[in-house]
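In: Sequence plus predicted model, see below.
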Amino acid sequence: MSDKTFSPPLSTSPSSATASPAQSAPAPVPKPSWREVWRVYSEAATLRMLLLGFSAGLPLLLVFGTLSFWLREAGIDRTTIGYLSWVGLAYGFKWAWAPLVDRLPIPLLTRWLGRRRSWLLLSQAVIMTALVCMALTDPKLALLPVVWCALAVAFGSATQDIALDAYRIESADTQRQAALAAAYQTGYRLAMIWSGAGALWIAARAEIVGVTTYQHGAWQAAYLVMAASMLLGMVTVLFSPEPQRRELPPSKNAADWLKGALIEPFADFLRRYGKQALLILGLIAIYRISDVVMGIMANPFYVDMGYTKDEVATVTKIYGVIMTLVGAFLGGGLAMRFGVMKVLMLGAVLSAASNLLFAWLGTRGHDVTSLIFVISADNLSSGIASAAFIAYLSSLTNINYSATQYALFSSMMLLLPKALAGYSGAYVDAFGYSNFFTATALLGVPVLLLIALASRSKTAPAQ
């Protein structure tokens, strides 16, 4: 793990959402050949999602993993760092403003770029501005301003995720969603290499030689470069096509608009899945719990184990993310070939089990070889799980409410894990790293039961 934070043929549209699960199942669609599976990765929509995935992945570590490394080096205690991870709850509540992103036009900008691209560009501008403000603030002297800036980055990043998930779902049919998810994950993880290893490398090189104490100027240089890196996503948005516009029914008044924007997306989901909706939401809520809770303490663990910036950058931020990319492509291909639910189960087993390796690593001291082994297993597992899970969430989404419904699913994915993760620092202080890693592995056991139940239900994607 560098920092843990993630299509079957169903129909010709990006969602199977317009039909009730109670209706008779459609005739099985022939499975694509391996040649057809891999050819999807060369399509324009897939390559575009690679670049937009980079834009989505860049902010994450800058308010979590990389920030926790910075804060720990600045002398901030682990308990405080754990509590500061609650900044990530912005991702857990993004469903609250997703209806606005789904329907509300931005003056002038939406007319020029369209609904999806205008929200993407606005959110990217917010992220860039907040990163610049973070760079200009020293947490050792004033922690609160850094927290507010991190909240702004998280809010802008969550908004970008809402618009981008809708853009992805509306850009291709269901059969290609696993490939788009894998490309998205690839861009996302490449950005994590840059915002993880790149930021640490820049900070290390910007330090004044001979000075062994904390140097804010080094981190300032790193975060200013990260802010400038958001330009790649902004340029991609400007040169990307807007998905075909959906004509929304006209609203007679404000109450009618609120009903269509806020209530109907959730009511649609409940109508389609009925009692099975609780099972689906339960699975979504805890699927990544082992990863997310464990991930907050990853970088403090590396610091406390004596790993240098260059070692962490090379092993966990570069090599580890490459392993995640391998896992993402493997997971996307396996999901298209064998079905999402089987790969979802595989990813859950591997992700929970890999946390036990960190408990073992804690007994090894400063051992780079062991770190490489653990990172290899952990990140490969994370990539497989992420690609399958994104494809699963996409299969549940109705294209008529793509932004709102996907935001609900992805918010639930993070809400409970992020809430628990806030106590991770206090848990480590009380019980130690080995007990913490073991406990996070056990958190994954209930996930296996829910996947087994979901696989047998009518809500499961075609196998």
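Out: Done, it's in.

In: Please identify which helix or strand holds the closest residue to Glu73 other than its chain neighbours.
Out: In this structure, Glu73 finds its nearest non-sequential neighbour in Tyr214, 5.7 Å apart by C-beta to C-beta, 6 or more residues apart in numbering. C-beta coordinates here come from the backbone N, C-alpha and C atoms, glycine included. Take DSSP states H and E as the rule and Tyr214 turns out to sit in neither a helix nor a strand.

In: List the buried residues of the helix or strand hosting Arg272.
Out: Arg272 belongs to helix 264-273 when assigned by DSSP H and E. Residues of helix 264-273 classed as buried by neighbour count (16 or more other C-beta atoms under 10 Å): 264-266, 268-269, 272-273.

In: One more: stretch 64-76?
Out: In stretch 64-76, counting by 16+ other C-beta under 10 Å, buried: 64-74, 76.

In: can you tell me which of these are in helices?
Out: Counting by DSSP state H, those place 65-73 in helices.

In: which two in those are spaced the farthest apart?
Out: Gly65 and Glu73 (12.9 Å; C-beta to C-beta).

In: what about the helices in the stretch 301-450 of the chain?
Out: In the stretch 301-450 of the chain, the helices defined using DSSP state H, counting those that start in this stretch lie at 309-312, 320-338, 340-361, 368-395, 402-421, 424-431, 433-442, 445-456.

In: Pipe those helices into CSV and attach mean pLDDT, mean neighbour count and distance to Pro99 per row.
Out: Shown next, in CSV, are the helices of the stretch 301-450 of the chain (pLDDT from 0 to 100; neighbours: other C-beta atoms under 10 Å; distance: least, C-beta to C-beta, whole Å):
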stretch, mean pLDDT, mean neighbour count, distance to Pro99
helix 309-312, 82, 20, 40
helix 320-338, 81, 24, 29
helix 340-361, 89, 22, 27
helix 368-395, 86, 24, 18
helix 402-421, 77, 24, 5
helix 424-431, 88, 18, 32
helix 433-442, 91, 19, 34
helix 445-456, 87, 16, 26
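
In: mind checking which of these is nearest Leu104?
Out: The nearest among those, by C-beta to C-beta, is helix 402-421 at 10.6 Å.

In: Against which helices or strands is that closest one packed?
Out: helix 89-92, helix 98-103, helix 143-171, helix 264-273, helix 276-286, helix 289-295, helix 368-395 (3 or more C-beta pairs under 8 Å, 6 or more residues apart in numbering; DSSP states H and E).

In: For the third one, name the packing helices and strands.
Out: By that I understand helix 143-171. helix 44-63, helix 78-84, helix 89-92, helix 98-103, helix 115-135, helix 177-193, helix 402-421.

In: follow-up on the earlier one: reformat the buried residues of stretch 64-76 into CSV and put pLDDT next to each item.
Out: Putting the buried residues of stretch 64-76 into CSV (pLDDT from 0 to 100) gives the following:
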residue, pLDDT
Phe64, 80
Gly65, 77
Thr66, 86
Leu67, 89
Ser68, 86
Phe69, 86
Trp70, 90
Leu71, 90
Arg72, 85
Glu73, 87
Ala74, 87
Ile76, 87
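
In: Stretch 391-410: how far from the chain's middle?
Out: From the chain centre to the centre of stretch 391-410 is a distance of 14 Å (C-alpha atoms, centre = their mean, to the nearest Å).

In: for stretch 361-373, that is, sorry about that
Out: Remark: stretch 361-373 is offset 27 Å from the chain centroid, using C-alpha atoms, centre = their mean.

In: if we can go back for a sec, mind checking which of the helices of the stretch 301-450 of the chain is nearest Ala298?
Out: Per C-beta to C-beta, nearest to Ala298 of the helices of the stretch 301-450 of the chain: helix 340-361, 8.1 Å.

In: For the closest one, which helices and strands make contact with it?
Out: helix 289-295, helix 320-338, helix 368-395, helix 433-442, helix 445-456.

In: nearest to Ala125, of the helices of the stretch 301-450 of the chain?
Out: Evaluated over those, closeness to Ala125 peaks at helix 402-421, with 18.8 Å, by C-beta to C-beta.

In: Give the full set of residues in contact with Ala353.
Out: Applying C-beta atoms under 8 Å, 6 or more residues apart in numbering to Ala353 gives the contacts 381, 441, 444.

In: Out of these, flag the one nearest to Ala206.
Out: Closest to Ala206, out of all of those and judged by C-beta to C-beta, is Ser381, at 33.9 Å.

In: what sits against the closest residue to the closest one other than its chain neighbours?
Out: Closest residue in space to Ser381, ignoring its immediate chain neighbours: Leu350 at 3.4 Å, by C-beta to C-beta, 6+ apart. Contact analysis of Leu350 by C-beta under 8 Å, 6+ apart lists 377, 380-381, 384-385.

In: Sort out which one of the residues you listed lies nearest Ala407 for me.
Out: Using C-beta to C-beta, the contacts of Leu350 come closest to Ala407 at Ala385, 20.3 Å.

In: What residues does the closest residue to that closest one other than its chain neighbours make contact with?
Out: Of all residues not flanking Ala385 in the chain, Gly347 sits nearest, at 2.8 Å (C-beta to C-beta, 6+ apart). Residues in contact with Gly347 (C-beta under 8 Å, 6+ apart) are 331, 381, 384-386, 388-389.

In: just for the stretch 1-150 of the chain, where's the confidence low?
Out: For the stretch 1-150 of the chain, applying pLDDT under 70 flags the ranges 1-42.

In: I should have written the stretch 151-300 of the chain there, sorry.
Out: For the stretch 151-300 of the chain, applying pLDDT under 70 flags the ranges 172-178, 245-254, 257-258, 260-262.

In: related to what we said a few turns ago, deepest of the helices and strands packed on helix 143-171, which one?
Out: Mean neighbour count (mean count of other C-beta atoms under 10 Å) peaks for helix 177-193 among these, with a mean of 28.

In: Quick check: buried residues in the next helix or strand after that one?
Out: Sequence order places helix 199-206 as the next helix or strand after helix 177-193, per DSSP H and E. Judged by neighbour count using 16+ other C-beta under 10 Å, the buried positions of helix 199-206 are 199-203.

In: who does the next helix or strand after helix 199-206 touch, helix- and strand-wise?
Out: Using DSSP H and E, the helix or strand that follows helix 199-206 in sequence is helix 216-229. When contacts are defined as 3+ C-beta pairs under 8 Å, 6+ apart, helix 216-229 packs onto helix 44-63, helix 115-135, helix 199-206.

In: just how off-centre is the first one within its chain?
Out: In other words, helix 44-63. Distance, centroid of helix 44-63 to centroid of chain: 10 Å (C-alpha atoms, centre = their mean).

In: same check, this time on stretch 84-103
Out: In terms of C-alpha atoms, centre = their mean, the centre of stretch 84-103 is set 13 Å apart from its chain centre.
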